[in-house]
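Visitor: Whatever this is, show me its structure:
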Amino acid sequence: MIHSNKSKIFRRIIAAMLAFVLVFALASCKDNKNPTKDETPVTPSEKKVAILVAPEAQYPEDYKAAKALEAEYPEKVIIREYADSRVLKAGNPEIMTISEELAGNAEIGAIIYARATQFTSNAVNAAKTKNPSIVTVCIEPEESVEKISSLSDLVFCIDWAKAANDIVATAKKQGAKSFVVFSINRHITDNPLISGANGAIKAACDAEGIKYIYENSVDPIYSSGIKGSRQYIKEAVARLINNKTIENTGVALFSTDSAVQQTLVEVANEREMIYVCPSFPTAYNGISEVYSAENAADFAAYVEAIKVAAKADAEGKAKLSIYNFPMATTLLKSALHCAFDILNGTTTAENMAANAASRAAVAADNKDFTIGAYSEKLSNVFAAYCPAFENVK
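Guide: Residues are numbered from 1 along each chain as shown. Model prediction:
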């Protein structure tokens, strides 16, 4: 009995020491502007990795990046697409049923949620219940990042403290005197990541001397749907002008809702306002929903085609910017390589902080890219950013 108690005490001491080492690694990684690149070749695991994606119309960059990785690793990566998470249907969401199906497949070792949309926590829980050894990696949770962290093995997200400063500074260069944030209750009350992004934008506006306005909007999952959420944006902007909350010009528009990005650009074009960034830093939502670049051969050509099309629009009065860095592609590639490493046993809880940052740095291949711990409480969540906004017109 005494020997057993000593063993328990010894194990607790070792566990505490490992926890201390991990927290120290995370703290050192948090402010690392240039993560050490791990040049170790990527080794696909024996088991396959499934990437779950929303439809291309919802998140185009995620979808394109997943397809590219499937082509790069045809024997080891499979793609499964689930229904638009902004359109609710009766029964279990498709992301849940597909996750459970994949977890029951002996050939699948990991599931990556290219965008952790609504119901991802339920999907991960269903997969883990079906197969406790299945590895799951989530990107930019739209539900509680804390809950996703507790369920999943690894989480990548945007460093919104840095992104907010960049977005607001870009808007100021475009002449912004007011900055309107549209969001929905589900985002602000249920997810510290998104509410934190909103708080960071407000702080950045205060620092830049820009008037910050918050507008609670219509959730697209309500009965009025995506159409209703878009109509609300138009009516809200008109109301804010009529009651003199904002002026006719010098107004930047932002929303945490991916469903209304095209509407924001259209309103900005009509009213001579400013549009900097969609709900996630990407060139593939918002401005690209108004100005097409379908025939572009690669990312650089895609961005250039959108810039040309926007500049050629003589009727559009908006001041527009585009995010010229493939962030969603970078995070998905990082997630896949980390999933391989976890399945191969080269990445564990003890070295995850360093290894995840290293894989992401290689995937980004950009000296301005940064990645670090989201918080010391969530040891498996990493926040990344790369400043890359360009003024289009």
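Visitor: Could I get the full set of strands for the stretch 101-250 of the chain?
Guide: 108-113, 135-139, 154-158, 178-183, 211-216 (DSSP state E, counting those that start in this stretch).
Visitor: From the chain's centroid, how far away is the first one?
Guide: In this case it means strand 108-113. 18 Å (Cα atoms, centre = their mean, to the nearest Å).
Visitor: Please apply the same query to the third one.
Guide: Between the mean C-alpha location of strand 154-158 and the chain-wide mean there is a distance of 7 Å, by Cα atoms, centre = their mean.
Visitor: To which secondary structure element is the closest residue in space to Ala305 that isn't next to it in sequence assigned?
Guide: Leaving out its chain neighbours, the residue that sits closest to Ala305 by Cβ to Cβ, 6 or more residues apart in numbering is Ala293, at 3.5 Å. All C-beta atoms are positioned from the backbone trio N, CA, C, and that covers glycine. Ala293 belongs to no helix or strand when assigned by DSSP states H and E.
Visitor: Phi first, then psi, for Ala293.
Guide: phi -150, psi 50 (degrees, to the nearest 10).
Visitor: who's in contact with it?
Guide: Applying Cβ atoms under 8 Å, 6 or more residues apart in numbering to Ala293 gives the contacts Ala301, Tyr302, Val303, Ala305, Ile306, Ala309.
Visitor: Phi and psi next, for the fourth one.
Guide: Spelled out, it's Ala305. Dihedral angles (degrees, to the nearest 10) for Ala305: phi -60, psi -40.
Visitor: Show me what counts as buried in stretch 44-59.
Guide: Within stretch 44-59, the residues scored as buried using 16 or more other Cβ atoms under 10 Å are 44-45, 47-55, 58-59.
Visitor: okay, how far is it across it, tip to tip?
Guide: 26 Å (Cα to Cα, to the nearest Å).
Visitor: try stretch 377-392
Guide: Termini of stretch 377-392 sit 39 Å apart (Cα to Cα).
Visitor: Which of the helices or strands spans Ala71?
Guide: helix 60-72.
Visitor: re earlier: figure out which of the strands of the stretch 101-250 of the chain is closest to Ala349.
Guide: Closest approach to Ala349 among those is made by strand 154-158 (10.0 Å; Cβ to Cβ).
Visitor: Next, the angle from the closest one to strand 108-113.
Guide: 20 degrees (axes from the mean of the first three to the mean of the last three Cα atoms, to 10 degrees).
Visitor: who's in contact with strand 154-158?
Guide: By Cβ under 8 Å, 6+ apart, strand 154-158 touches 116, 136-141, 145, 148-149, 193, 197, 280-281, 327, 331, 334-335, 338-339, 342, 352, 356, 360, 374, 378, 380-385.
Visitor: contacting residues for the spatially closest residue to Tyr59 that is not a sequence neighbour?
Guide: Distance criterion Cβ to Cβ, 6+ apart; nearest residue to Tyr59, sequence neighbours excluded, is Arg115 at 5.2 Å. Counting by Cβ under 8 Å, 6+ apart, Arg115 makes contact with Val53, Ala54, Tyr59, Asp62, Ile139, Glu140, Glu142, Phe280, Ala328.
Visitor: Looking at the residues you listed, which is nearest Ser217?
Guide: Distances from Ser217 to the contacts of Arg115, taken by Cβ to Cβ, are shortest for Glu142, at 15.0 Å.
Visitor: can you list the weak-confidence ranges in this protein?
Guide: The chain contains residues with pLDDT under 70 at 1-38, 88-91.
Visitor: Can you name the residues that contact the residue nearest the centre of the chain?
Guide: Centroid-nearest residue in the chain: Glu140, 3.3 Å away (criterion: Cα atoms, centre = their mean). Contact analysis of Glu140 by Cβ under 8 Å, 6+ apart lists Arg115, Ala116, Phe156, Cys157, Ile158, Leu193, Phe280, Leu331.
Visitor: biggest separation within those residues, which pair?
Guide: Leu193 and Leu331 (13.6 Å).
Visitor: So these two - more neighbours on which side?
Guide: Leu331 (29 against 23; other Cβ atoms under 10 Å).
Visitor: The more buried one is in what secondary structure piece?
Guide: helix 327-344.
Visitor: elements contacting that helix?
Guide: Contacts defined by 3 or more Cβ pairs under 8 Å, 6 or more residues apart in numbering; DSSP states H and E place helix 327-344 against strand 48-53, helix 60-72, strand 108-113, strand 135-139, strand 154-158, helix 352-364, strand 381-385.
Visitor: Now distance to Ala207 too, for these, in a markdown table please.
Guide: Below are these laid out as a markdown table (distance: least, Cβ to Cβ, whole Å):
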| stretch | distance to Ala207 |
| --- | --- |
| strand 48-53 | 37 |
| helix 60-72 | 30 |
| strand 108-113 | 34 |
| strand 135-139 | 29 |
| strand 154-158 | 19 |
| helix 352-364 | 27 |
| strand 381-385 | 17 |
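Visitor: And those: which comes nearest Asn165?
Guide: Comparison of those against Asn165 by Cβ to Cβ identifies strand 381-385 as nearest, at 9.6 Å.
Visitor: what angle do that closest one and strand 154-158 make?
Guide: Using the same axes, to 10 degrees: strand 381-385 against strand 154-158 is 30 degrees.
Visitor: can you give me how far the helix or strand following strand 381-385 is from the chain middle?
Guide: The helix or strand immediately downstream of strand 381-385 is strand 389-391, counting by DSSP H and E. With Cα atoms, centre = their mean as the basis, strand 389-391 stands 19 Å off its chain's centre.
Visitor: So what touches strand 389-391?
Guide: 166-167, 170, 173-174, 276-277, 303, 307, 319-324.
Visitor: Most neighbours among those residues, which one is it?
Guide: The member of those that has the most neighbours, counting by other Cβ under 10 Å, is Val276 with 30 neighbours.
Visitor: Would you agree it is in contact with Lys173?
Guide: No - between Val276 and Lys173 there is no contact under Cβ atoms under 8 Å: 9.5 Å.
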